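In: Build me a model:
(4 chains)
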Protein chains: 2
Amino acid sequence: MAKLDFSPIADTTRRAEIVGLLRRAILTGRLEPGQKLNELRISEQMRVSRAPLREAMRELVQEGILTSIPYAGTFVINVTAKDIDDAYSLNKVLDEFAIERTWPLRDQRFFDELDRRHAAVKQATRDLDTTRQIETALQLHGLIHEWADNSVLLETWQRLTSRLQMYFALHQRARNEPVPAVDAHETYVRLLKGSDMRAAQRHAKDHIDLDFEELLAYARGLEQRGSKGAGADRAGRPKGG
Amino acid sequence: MAKLDFSPIADTTRRAEIVGLLRRAILTGRLEPGQKLNELRISEQMRVSRAPLREAMRELVQEGILTSIPYAGTFVINVTAKDIDDAYSLNKVLDEFAIERTWPLRDQRFFDELDRRHAAVKQATRDLDTTRQIETALQLHGLIHEWADNSVLLETWQRLTSRLQMYFALHQRARNEPVPAVDAHETYVRLLKGSDMRAAQRHAKDHIDLDFEELLAYARGLEQRGSKGAGADRAGRPKGG
DNA sequence: GACAAGCAGATTGTCGACAATCTAACAAGA
DNA sequence: TCTTGTTAGATTGTCGACAATCTGCTTGTC
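Out: Coordinates of the predicted model:
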């Protein structure tokens, strides 16, 4: 008998579908921070009833990219510079841990997957597709968390990633210019293939710091603009993360 | 005018109420791992409709203590020894980070709160209230995460805590004997008040290891029993975390 | 003009009923 | 006996309607 590995079939509930649509809209910046999600309007647009939509929104609230106030509404979380700082400082700790755990588990499949994801980033960069570039870069960095064989770590990192992706998307959207084509991940990949674990850990920290400072400056700019006039609160009442 | 600090009024939605009830039932072990949650039965018992119940369950799924399979049901997560190991190893990393961040922020209010929570643990120990003992001990250890001034860290730790509390409750429930009255947290508190940060970090690791080994052994026992006969899968199909 | 009371309008929270799907038992055929 | 098709019951997923709550405006009063 031929060996066949079937992957699980897709979740075919409307709820799961809605979660995907909403998450994508938020993470790509199509839904802006602070924006209110009108249940009736969205449910009509998606041609579903409010029940599965509300359940989907509840999931995203727990996922940390929406926030809900009873009888007032559900909003996309607001991004403060402190949030970004918090997320990044924790991310460093997680990266260090992930590298340590992944290190002894590296094998040929790991290296192949590393190359595959690295190639995806380079492709997106060539295509000048900034959204995809963010996605693929995060997937590249996510490999160590997937490989570390620690489900809680992976879950934690994925939650963090959601926000980071949102922040980056906003940043890119604001600058609205093609990112430099120079490959910033080259060293990262090389070190992960090498034999000096400490060096890899150090680089993960330093490299991420680079993008981080830019992002932080952008967020601070947003807050200043927001505080001296009508800010990003598009409708209803806003709320911090 | 007298200074009055009002705390936010309670969430008065049925959904929030249900979340609390279910979470408590799971974390205290009244709902066992693998057990299926029948929506109709629970909604009738709580005298609510299925809509808010389902939304509440969706939240707990994202919180990580329930797991859902479309058209099959929602189940309390199963506890494997690996899950516990994963959670604990990550917890150590987070503790280390939390202590580092909390250290320069310690003040009189911190020390007071530390003493208050420590007293609560000792009270629960005297009362032989094991459930409360677990709760208060986790709250004591949670202080450094609350004080670290990092919202993402706090949120992550709270998610971890949910599971740890569940594991501990199961453990205690299984042993069903009063825990030793000796105060294991004395040193921890003392070190957090001292001036040697590294020592505090080291102790947090070592101390937790103690309880951990016991818990791990218990979980391994559960798995062995489970694999050679009818395990904890009470109804429907079980599923790993 | 300032301020409280009251009244729409809109939006969220909840309900009861129906549709889609799964599970298990049973019958039919090789 | 094993496999396959069918059916009934139970459970989950979804829908449309109603109740509760909030927001902003209007009205009336001082």
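In: element containing the residue lying closest to residue A:31 once chain neighbours are set aside, please.
Out: Nearest residue to residue A:31, sequence neighbours excluded (Cβ to Cβ, 6 or more residues apart in numbering or on different chains): residue A:25, at 4.7 Å. Every residue, glycine included, has its C-beta placed from N, CA and C. Using DSSP states H and E, residue A:25 maps to helix A:14-27.
In: Now do that helix, average pLDDT.
Out: Across helix A:14-27, pLDDT averages out at 95.
In: is DNA strand D contacted by the helix or strand just after that helix?
Out: Next helix or strand after helix A:14-27 toward the C-terminus (DSSP H and E): strand A:36-37. No: applying Cβ under 7 Å from any atom of the strand, one finds strand A:36-37 separated from DNA strand D by no less than 10.9 Å.
In: what's the helix or strand that comes right after strand A:36-37 packed up against?
Out: Downstream of strand A:36-37, the first helix or strand assigned by DSSP H and E is helix A:39-46. Packing contacts for helix A:39-46, counted by 3 or more Cβ pairs under 8 Å, 6 or more residues apart in numbering or on different chains; DSSP states H and E, involve helix A:50-63.
In: Pull up the pairing partners for the following helix or strand past the helix it packs on, direction included.
Out: Using DSSP H and E, the helix or strand that follows helix A:50-63 in sequence is strand A:66-69. Here strand A:66-69 is paired, per DSSP bridges, with strand A:73-76 (antiparallel).
In: Which residues of chain A lie near chain B?
Out: Counting by Cβ under 8 Å from any Cβ of the partner chain, chain A comes close to chain B at A:11-13, A:16, A:51, A:54-55, A:58-59, A:61-64, A:70-71, A:82-83, A:86-87, A:89-90, A:93-94, A:97, A:150-153, A:155-156, A:159-160, A:163, A:241.
In: swap the cut-off to 6 Å and go again
Out: Applying Cβ under 6 Å from any Cβ of the partner chain, we find that chain A lies next to chain B at A:11, A:13, A:55, A:58-59, A:62-63, A:70, A:86-87, A:90, A:93, A:97, A:150-153, A:156.
In: Whichever of the residues you listed end up buried, select them in PyMOL.
Out: Restricted to buried positions by 16 or more other Cβ atoms under 10 Å in any protein chain shown, the PyMOL selection for these reads:
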select buried, chain A and resi 55+58+59+62+63+86+87+90+93+97+150+151+152+153+156
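In: how does chain A divide up, domain by domain?
Out: As given by automatic domain parsing, the domain ranges for chain A are A:14-77, A:81-226.
In: give me the low-pLDDT residue ranges for chain A?
Out: A:1-11, A:176-182, A:208-210, A:222, A:224-241 (pLDDT under 70).
In: Can you name the residue of it nearest to chain B?
Out: Going by Cβ to the nearest Cβ, chain B is nearest to residue A:62 of chain A, at 3.2 Å.
In: give the contact list for the nearest residue to that residue once chain neighbours are set aside.
Out: Leaving aside its chain neighbours, residue A:62 sits nearest to residue B:62 (3.2 Å; criterion: Cβ to Cβ, 6+ apart). By Cβ atoms under 6 Å, 6 or more residues apart in numbering or on different chains, the contact list for residue B:62 reads A:59, A:62-63.
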